[in-house]
Structure formats: C-alpha cells, structure tokens
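Engineer: Okay, sequence plus prediction incoming.
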Amino acid sequence: MKLAPLVKPLSNWIQVNSVTSPIGKLYTNHLTRQITKRPLPKHVAMILDGNRRFALSQNYENVTEGHKKGVSKVEELVEWANELEIHTITLWALSTDNLKRPNSELEKLLTIVESNIASWLNESKLPLLQRKVKVVGRTDHLSASFLNKLSQIESLTESAGPWQLNVAIEYGGRDELLDAFIAILLDGNQQNLSLPQLADNLSVDDIQKHLYAPNDPEPDLIIRTGGDIRLSGFLLWQSVYSELYFCNVFWPALQKKDFLKAIKSYQDRARRYGI
C-alpha cells in the first residue's frame, strides 16, 4: 500500500487564507524571500476578472460593490509590484466587450473607475506616483471629464520612475491590431506608396511601432484572476512568448500571497522561446 508522504508543502500545513493573520504573514514573507533570490519578470500583465462574481459570492445587493472592491485593489497590486521592483505592469481594467454590458451597470463602472483615477491626482498616492502611468486603448466612449483626468495623471507622472503602469481601458487585442494596420495604411498613403509597395516593405517592426505602447517590453508573465482559462484577446501581438498563469481567486479578493505564487510559478518554468 502506497503511503502519503509525511512532508507536505508549507501551504498544505498552515492556514493562509488571511494575509493579515500571523501565519498568513509568515507564509507571505516565506514566498517573498524565495522569489527575491531568483530572476523576476520585467513586465507583468494582468486580466482583472471576477468583480461581478465576487459581488455575488459575498451576497452584495448590487454588482457595483464588486467593481468598487476591484478598483481599490489596483493600488495594493502596485505596491506589491513596487516591492519586487517589477519594471512594467499592464492592467486590463476595461475591455471593449465590457461596453456591451447593460448601460446601468456600465455607467456605474465607468464612474467608479473615473473616481479612482481622480484620487490618483492626489500627490499622497506615492506608490502610484513612482510609476509613469500610460493609458492604452481606444477611449472613444469615455466622457470628456474622464479623458481629462486620464490626461492629467499621464502628465503628472510623466517624469515619474523608475517604473511604468499601463492601464488598458476600452482595450481589445483585435482592435489594437486593426488600429495598427489602419495607421500603417494611412502612413503609406501619405508617402504616396502603392499597395504592392507597402506590402513588399511591410515588416514586423512596422506593426510593432504602431501598437498602443510600442516601446514596452513584451510581457514575461500574464496573470488572469477569476478562474477562466483564456486570454480573451488580451495583448494578442505581445503575448507570443508570455508565460500564462490562471488564478482561481476573484480579482477583488486577490491577496499578496496569490500574486507571489504567480511570480514563483513563472520562475519555476524554463522559457525556451520556441527553440
């Protein structure tokens, strides 16, 4: 008869459901020590999924409460990334598909995100202001006041550093590629190039430089919360060699240990880039 091993992983022996509990803190610190001894990803991108399901799981009267919790979680995530000195973070806050939701929910969601962005303009938000903030996406459906706040936060953090925070709002991977190809065609037209000439000279670099954030490194790690195992079009061009990590925890409930476990999973993999 085969016996179960006596030695189990630390996380199997201890309760780590609460990061604020003494044992939860011990486990989180243990993970941090392990991770910081090994190479870290330079760019982590995240699909922030599960706000509505979190609200339902908590028996909230309105799913808007889940969105509020999710938006407030962003600042915690930025602090965790700052502690690890991860250079670039890209957070998918609002997809183009999200715009298909009922107007009553969408309007509340946009109001919550706009209010949180407005709070970033307060210079006491030091963790965020250590990062240059860049908005990626179409932003066609955002109000003038929302766009103004986004412009202000980008200007305020223009000289911030040494790290970057990309906020993907009204973003879709197909839309990004479509916009890139449209820009390439328009550039070719301005240069009086025929379509055959444009096709003959088109390169991967031409497409890259027309993406929303053309100078950013490709994401080393993409994390999706909420339990779904798909990218849903997130960073279609950039994710060719990204390592993927799917977390069952809803985004508003994500704890530091969950983020660290994703980083550790990345470090445990051998990246071969197709070779």
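Structural biologist: Right, received. Where do you want to start? Residues are numbered from 1 along each chain as shown.

Engineer: Now residue 45: which helix or strand?
Structural biologist: Residue 45 belongs to strand 43-47 when assigned by DSSP states H and E.

Engineer: strands paired with that strand, and their directions?
Structural biologist: strand 88-95 (parallel), strand 221-224 (parallel) (DSSP bridges).

Engineer: list the buried ones in the helix or strand just after it?
Structural biologist: Following strand 43-47 in sequence order, the next helix or strand is helix 51-57 (DSSP H and E). Within helix 51-57, the residues that count as buried by 16 or more other C-beta atoms under 10 Å are 51-55. Placement of C-beta: from N, CA and C, glycine included.

Engineer: Between the residues you listed, which sits nearest residue 203?
Structural biologist: Nearest to residue 203 among the buried residues of helix 51-57 is residue 51, at 39.6 Å by C-beta to C-beta.

Engineer: OK, contacts around the closest one?
Structural biologist: By C-beta atoms under 8 Å, 6 or more residues apart in numbering, the residues touching residue 51 are 63, 66-67, 69-70, 250-252.

Engineer: what do you get if the cut-off is 6 Å, keeping everything else the same?
Structural biologist: 66-67, 70, 251 (C-beta atoms under 6 Å, 6 or more residues apart in numbering).

Engineer: again, but for residue 266
Structural biologist: Applying C-beta under 6 Å, 6+ apart, the residues near residue 266 are 41, 221, 243.

Engineer: Mind checking which of those residues are buried?
Structural biologist: 41, 221, 243.

Engineer: Please tell me I have it right and the second one contacts residue 44.
Structural biologist: Yes - Residue 221 is in contact with residue 44 according to C-beta atoms under 6 Å; the separation is 5.0 Å.
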